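1. predicted model, plus sequence, below.
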Amino acid sequence: MYKDSYNIETKCLQAGYQPKNGEPRVLPIAQSTTFKYESSNEMGDLFDLKSEGYFYTRLQNPTNDAVAAKLTALEGGVAGMLTSSGQAANFLAIFNIACAGDHIVSSAAIYGGTFNLLDVTMRRMGIDVTFVSPNSTREELQAAFKPNTKLVFGETVSNPSLNVLDIELFADVAHKNGVPLIVDNTFPTPINCRPFEFGCDIVTHSTTKYLEGHATTIGGAIIDSGNFDWERYPEKFSCLTTPDESYHGVTYTKAFGKGAYITKATVQLMRDLGVIPSPFNCFLLDRGMDTLHVRMERHCDNALKIAKYLESNKNVSWVNYPMLPSSKDYELALKYMPKGCCGVVSFGVKGGREAATRFMDSLQLAAVVTHVADARTCVLHPASTTHRQLSDKQLEECGVTPDLIRLSVGIENADDIIEDIENALSESQK
Ligand code: PLP
C-alpha cells in the first residue's frame, strides 16, 4: 500500500500509478482519444462535472493523470496537470489568472523563450509585464507592483544565467500584495528544491529536461500547492471565484476548493487551447521520473567536479556554477538546494568568440545540441548559434558573453567528460 509519508526517492518509483490486484505492474498507455459509456446521461453527468470519469483525452486521460499525480507528489502539491511543452505550461499557468488589462511582475533572469512569451506574445494579448532583477531588494521588488498586478513569476535556477531566485523574499512580497508566486522549477527538479516549502504557490516545469531526462520527449507541467487563498481576493481573482458561464456556470473555488486553479486550467484553458501531451509521451516521462533521484545526484556530483576542474584550468577565464563558493549565489544555493542545484555549468574560454568556437569543434564526447538537462553531456555556444546574429556589444548587454559556453553535464564518468574538455580547451588556444 502506497503511503504519502514515503521519502521522495521512493515516490519517484511508487507515486502516481498504483496497480490493483491483477492489473499491469507498469503504467498502461491509454492510447485512446475517447472513452465509451452505456448511456448519454452518464456522459452528460461527466460534462456537467457531476461525476468523475474520462470522456475525451484533450481534457483528461488515465495515463496522463497518473504521471501528473506522480509529479504532484514529488513537488508536495495538491493538484497538477501535464502540457505538451514547457512553453505551454508557463503560458497556461499565467493566463489562468491574468488576462487583457492585467499586469504581472517577472524576474528578468528566465529562459529566453519564456522572456519572449511574456515580453512579446502576452503583451500582444494585453497583459503588461515589469521585469525585475532576480537580485532585487524587497523595496525594488515592491516598486514593480501596480494595482492590476496578478502574479509574480521567476525561475528557481535560471536558464542559462544560473541565477538562484530568493524564493522566500519573492513569495513574501507577492503575498503582501495579495498575489501568488509562480516558479519554474525545471533546473533543480523537486529532488533538489521544493519551492512550496519556501512559500511559492504554483510550480511549472519543462519536463523536457531532467524530469524525462533522456532527450526523447517535449513536455510541461503545472502543479498547485493549494495554499493560495483566492477567495480572500474575490474581485482580483473573479475568474476563479465567480461562475464560469463557459463551463456550466461552475464557480471553481466553491466546487473544487484547493483544486480550483488546476480544474479551471484543465476544463477551460486545455479545452480551448488543446496543448495536451500524448499518453505515450507521458509514459516516457514516467519512465524518466522513475530514476530522477539517482540521475540528479550523479548530474550534481559530476557538475561540481567539472566546475572545480574548470576553475583550475588556465584556458578558462571564468566559471559560473551556484554550488561553487566563488558564485555570487552560493549562500542562496545552499539555502534552497543543499543537496545540489543541477548539472548545468557555464564558463568562458580565454580568447573570446573564436577560441570558444574552436573549443566546440574539438569536443568528442560532449554533443553540440540546442538542449540542456539530458543524461548525455551536451554543450552550446550561444554566440555562434542561438545568439549568432548579435554583435559582441549586444551579447554583453544581454548577459551572454561571446566566450560563454553552456555545458550540460551528463551522468557519464566525470573523468571522461573532463578529458574531453581538457583536450578541447588545449585545441581552443591553437
Ligand atoms: N522553462 C525553462 C527553464 C526552460 O529551460 C525551457 C526550455 O529550455 C522552457 C521552460 C520551455 O520548455 P519547452 O522547451 O519544453 O517548451
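-> Arrived safely. What you are looking at is a predicted structure, and each value in this text was computed from that prediction instead of being measured. Residues are numbered from 1 along each chain as shown.

2. only C-alpha atoms from now on, for both contacts and neighbour counts.
-> Will do.

3. how many residues are close by whichever residue of the chain sits closest to the ligand?
-> The chain approaches the ligand most closely through Gly86 (3.3 Å), counting by C-alpha to the nearest ligand atom. Residues near Gly86, counting by other C-alpha atoms under 10 Å, number 25.

4. contacts only, for it.
-> Thr204, His205, Ser206, Thr207, Thr208, Ile218, Gly219, Gly220, Ala221 (C-alpha atoms under 8 Å, 6 or more residues apart in numbering).

5. among those residues, which two are most distant?
-> Greatest spatial distance among these (C-alpha to C-alpha): Thr204 and Ile218, at 14.1 Å.

6. would you confirm that Asp201 contacts Asn227?
-> Yes. Taking contacts as C-alpha atoms under 8 Å, Asp201 lies within contact range of Asn227: 6.2 Å.

7. assign a three-state SS to the residue lying closest to Tyr252 once chain neighbours are set aside, would you?
-> Once flanking residues are discounted, Tyr252 sits nearest to Ala260: 4.8 Å by C-alpha to C-alpha, 6 or more residues apart in numbering. Classification of Ala260 by DSSP: H, G, I helix; E, B strand; the rest coil places it in helix.

8. hang on, Val129 in a strand?
-> Yes. Counting by three-state DSSP, Val129 is part of a strand.

9. OK, contacts around it?
-> With contact set as C-alpha under 8 Å, 6+ apart, Val129 has these partners: His103, Ile104, Val105, Ser106, Leu118, Asp119, Arg123.

10. just among these, which is most surrounded?
-> That'd be Ser106 among those, by other C-alpha under 10 Å, with 26 neighbours.

11. that one: what secondary structure?
-> Taking three-state DSSP, the label given to Ser106 is strand.

12. remind me which residues of this structure are low pLDDT?
-> By pLDDT under 70, the low-scoring segments of the chain are 394-399.

13. now the strands for the stretch 151-300 of the chain?
-> Listed in chain order, the strands of the stretch 151-300 of the chain (DSSP state E, counting those that start in this stretch) span 181-184, 202-206, 220-224.

14. then the stretch 301-430 of the chain?
-> 316-320, 344-349, 367-368, 378-380, 404-408.

15. would you turn those into CSV with distance to the ligand and mean neighbour count?
-> As requested, the strands of the stretch 301-430 of the chain are exported to CSV (distance: least, C-alpha to the nearest ligand atom, whole Å; neighbours: other C-alpha atoms under 10 Å):
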stretch, distance to the ligand, mean neighbour count
strand 316-320, 17, 19
strand 344-349, 11, 24
strand 367-368, 15, 16
strand 378-380, 12, 23
strand 404-408, 12, 25
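
16. make TSV out of those and add distance to Thr72.
-> Formatted as TSV, those follow (distance: least, C-alpha to C-alpha, whole Å):
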stretch	distance to Thr72
strand 316-320	31
strand 344-349	24
strand 367-368	32
strand 378-380	29
strand 404-408	26
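
17. so for Ala303, which of these sits nearest?
-> Per C-alpha to C-alpha, nearest to Ala303 of the strands of the stretch 301-430 of the chain: strand 344-349, 6.8 Å.

18. any chance of the strands of the stretch 151-300 of the chain in JSON lines with mean neighbour count and distance to Lys264 as columns?
-> Shown next, in JSON lines, are those (neighbours: other C-alpha atoms under 10 Å; distance: least, C-alpha to C-alpha, whole Å):
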{"stretch": "strand 181-184", "mean neighbour count": "28", "distance to Lys264": "16"}
{"stretch": "strand 202-206", "mean neighbour count": "28", "distance to Lys264": "14"}
{"stretch": "strand 220-224", "mean neighbour count": "29", "distance to Lys264": "12"}
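
19. out of the ones you listed, flag the one nearest Thr10.
-> strand 220-224 (19.5 Å).

20. and the closest one, how far out from the chain's middle?
-> Here strand 220-224 is found 8 Å from its chain centre; the criterion is C-alpha atoms, centre = their mean, to the nearest Å.

21. quick one: contacts of that strand?
-> The contact list for strand 220-224 (C-alpha under 8 Å, 6+ apart) reads 68, 71-72, 75, 77-90, 93, 201-208, 259, 261-262.

22. then stretch 349-364?
-> With C-alpha under 8 Å, 6+ apart, stretch 349-364 has contacts from 315-318, 348, 368, 379-381, 383-384, 402-405, 420-421, 423-425, 427-429.

23. how about stretch 99-119?
-> 87, 90-91, 98, 125-134, 144-146, 148-155, 158-161, 163.

24. re the thing from before, look at Asp201 and Asn227 and report which has more neighbours.
-> Legend: neighbour count by other C-alpha under 10 Å for Asp201 and Asn227, higher for Asp201 (23 against 15).

25. of the contacts of Val129, which ones also sit close to the ligand?
-> Counting by C-alpha under 6 Å from any ligand atom, nothing from the contacts of Val129 sits close to the ligand.

26. buried set for stretch 106-117?
-> The neighbour-count check on stretch 106-117 (16 or more other C-alpha atoms under 10 Å) flags Ser106, Ser107, Ala108, Ala109, Ile110, Tyr111, Thr114, Phe115, Leu117 as buried.

27. now do the contacts for the closest residue to Arg271 other than its chain neighbours.
-> Closest residue to Arg271 apart from its sequence neighbours, by C-alpha to C-alpha, 6+ apart: Leu59 at 6.1 Å. Residues in contact with Leu59 (C-alpha under 8 Å, 6+ apart) are Thr266, Val267, Met270, Arg271, Ile276.

28. need those residues in a markdown table (columns: distance to Gly343 and neighbour count).
-> What follows is the contacts of Leu59, written out as a markdown table (distance: C-alpha to C-alpha, whole Å; neighbours: other C-alpha atoms under 10 Å):
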| residue | distance to Gly343 | neighbour count |
| --- | --- | --- |
| Thr266 | 32 | 24 |
| Val267 | 36 | 17 |
| Met270 | 32 | 20 |
| Arg271 | 36 | 16 |
| Ile276 | 28 | 23 |
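
29. just those residues now: which is nearest Gln389?
-> For those, the minimum distance to Gln389 (C-alpha to C-alpha) is 33.6 Å, reached by Ile276.

30. so who does the residue nearest to Leu27 when sequence neighbours are not counted touch?
-> With sequence-adjacent residues excluded and distances taken as C-alpha to C-alpha, 6+ apart, Leu27 is closest to Tyr17, at 6.1 Å. Taking C-alpha under 8 Å, 6+ apart, we find Tyr17 in contact with Leu27, Ala66, Val67, Ala69, Lys70.

31. and the fourth one, backbone torsions?
-> Comment: the main-chain dihedrals of Ala69 come out as phi -70, psi -40, following degrees, to the nearest 10.

32. which non-adjacent residue is nearest it?
-> Nearest residue to Ala69 in three dimensions, chain neighbours excluded: Gly16, at 4.8 Å (C-alpha to C-alpha, 6+ apart).
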